[in-house]
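Q: only geometry, no sequence info:
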């Protein structure tokens, strides 16, 4: 074979080889991006850490991560960003934080796992999150029949701070006590019930409802036990369903009393477009509007506020001197690495 012919053969082989070589280089593409996982915008890239010091990952559910009144608005108000936002099922965030898989997570303020897993809620010192204080809501007709309901329940309401409610939730969710057991023990400890109940009256029973999650079931049992101890007959309709189901039952006269959250009522039941972040103002708007429009009376509201929260492990927060979300922002912006 002549040299000219040999060079033609080699050139042809080289042309065929180039596409296969280029195809092989595509193995370096981020497979996570192809699976719908977005690349980290603020995190490490090519081994270089961000200005924050690196490692500040925030776990949250999808809804909170994309809402203007969630992660987007929070970081804008407080003036910081995490290196990465890890979107996961809300139930997993607590255990992921406990196990040290990430330093900060979103949760709800009175969840029992916060205490059980030795986590801490950071104080929302700029009051970004909407308020969800809770109160017994009673039909006006029911309160006219039993006006003493307010005197029975309002002192109980005042005693329900965040630590108390979180501990009761923990006893049910983690320690697996029944809601009625937890409710009775707490009422006895606080002196709201005792060994000398009032003789049961003969009037129409008060139908006590609740939503179907732990906190609501416990609040419903607290109501039943307290009313019956004071001689008011009840019917137990706790665990009736979700927010809409219980609310419709009350408006339809099938439920006389249940505990509702101010923020939920403001937006979901009364149709206001914007959340109110001041507890007293939100309660005033909700209680006045609900009475005027629906004949529903809001008793006093609880000190606890079951709103969104940013959580850390207690030991990490203590070590870094982080108490508030502003503290967290300062630590991240100053370049301190995540624990």
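A: All right, it came through fine. Everything numeric in this text was worked out from a predicted model, so none of it was measured.
Q: may I see the buried residues of stretch 182-198?
A: 182-184, 186-187, 192-193 (16 or more other Cβ atoms under 10 Å). Bear in mind the C-beta positions are built from the backbone N, C-alpha and C, glycine included.
Q: quick one: distance of it to the chain centre.
A: 29 Å (Cα atoms, centre = their mean, to the nearest Å).
Q: in the chain, which residue is most central in space?
A: residue 108 (2.4 Å; Cα atoms, centre = their mean).
Q: list the beta-bridge partners for that one.
A: residue 308 (DSSP bridges).
Q: show me the contacts for it.
A: Going by Cβ atoms under 8 Å, 6 or more residues apart in numbering, residue 108 touches 306-309.
Q: again with residue 149
A: With Cβ under 8 Å, 6+ apart, residue 149 has these contacts: 136, 138, 142-143, 206, 227, 232, 257, 299.
Q: residue 236 too?
A: Neighbouring residues of residue 236 by Cβ under 8 Å, 6+ apart: 208, 220, 224.
Q: go on, residue 207?
A: 234-235, 237, 254-257.
Q: farthest-apart pair in the contacts of residue 149, please.
A: 232 and 299 (14.4 Å; Cβ to Cβ).
Q: I'd say residue 321 and residue 334 touch.
A: No: look at residue 321 against residue 334 with Cβ atoms under 8 Å: they stay out of range, at 11.5 Å.
Q: of the contacts of residue 207, just the buried ones, ChimeraX syntax please.
A: Entered in ChimeraX, the line below selects the buried ones among the contacts of residue 207, by 16+ other Cβ under 10 Å:
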select :234,237,255,256,257
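Q: and the protein, what are its domains?
A: 50-129+308-333, 134-298 (automatic domain parsing).
Q: which residues are contacting stretch 90-105?
A: Residues contacting stretch 90-105 (Cβ under 8 Å, 6+ apart): 55-61, 82, 86, 88, 106-107, 111, 113-114, 117-119, 310-313, 316, 328, 338-339.
Q: quick one: buried ones out of these?
A: For those, buried by 16+ other Cβ under 10 Å: 55-61, 82, 86, 88, 106-107, 111, 113-114, 117, 119, 310-313, 316, 328, 338-339.
Q: among those, which are in strands?
A: By the criterion of DSSP state E, membership of these in strands covers 57-60, 86, 106-107, 119, 310-313.
Q: closest to residue 175 among the residues you listed?
A: Nearest to residue 175 among those, with distances taken as Cβ to Cβ, is residue 119, at 16.7 Å.
Q: in TSV: the domains of the chain, plus mean pLDDT.
A: Listed next are the domains of the chain as TSV, based on pLDDT from 0 to 100:
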stretch	mean pLDDT
domain 50-129+308-333	92
domain 134-298	96
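Q: by neighbour count, which of the contacts of residue 149 wins?
A: residue 257 (28 neighbours; other Cβ atoms under 10 Å).
Q: which residues touch that one?
A: 136-139, 142, 149, 206-209, 223, 250.
Q: would TSV of these with secondary structure be doable?
A: Shown next, in TSV, are the contacts of residue 257 (DSSP: H, G, I helix; E, B strand; the rest coil):
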residue	secondary structure
136	strand
137	strand
138	strand
139	strand
142	helix
149	helix
206	strand
207	strand
208	strand
209	strand
223	helix
250	helix
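Q: can you list those residues in CSV and add distance to residue 173?
A: As requested, the contacts of residue 257 are exported to CSV (distance: Cβ to Cβ, whole Å):
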residue, distance to residue 173
136, 23
137, 25
138, 28
139, 31
142, 31
149, 29
206, 28
207, 26
208, 22
209, 21
223, 20
250, 26
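Q: of those residues, which is the nearest to residue 266?
A: Among the contacts of residue 257, and counting by Cβ to Cβ, the member closest to residue 266 is residue 137, at 12.9 Å.
Q: from residue 287, how far off is the spatially closest residue to residue 275 that is not a sequence neighbour?
A: Nearest residue to residue 275, sequence neighbours excluded (Cβ to Cβ, 6 or more residues apart in numbering): residue 130, at 3.5 Å. Taking Cβ to Cβ, to the nearest Å as the measure, residue 130 falls 16 Å from residue 287.
Q: for the nearest residue to residue 254 once chain neighbours are set aside, list each beta-bridge partner.
A: Among residues not flanking residue 254 along the chain, residue 207 sits closest, at 6.8 Å (Cβ to Cβ, 6+ apart). Taking DSSP bridges, one obtains residue 235 as the residues bridged to residue 207.
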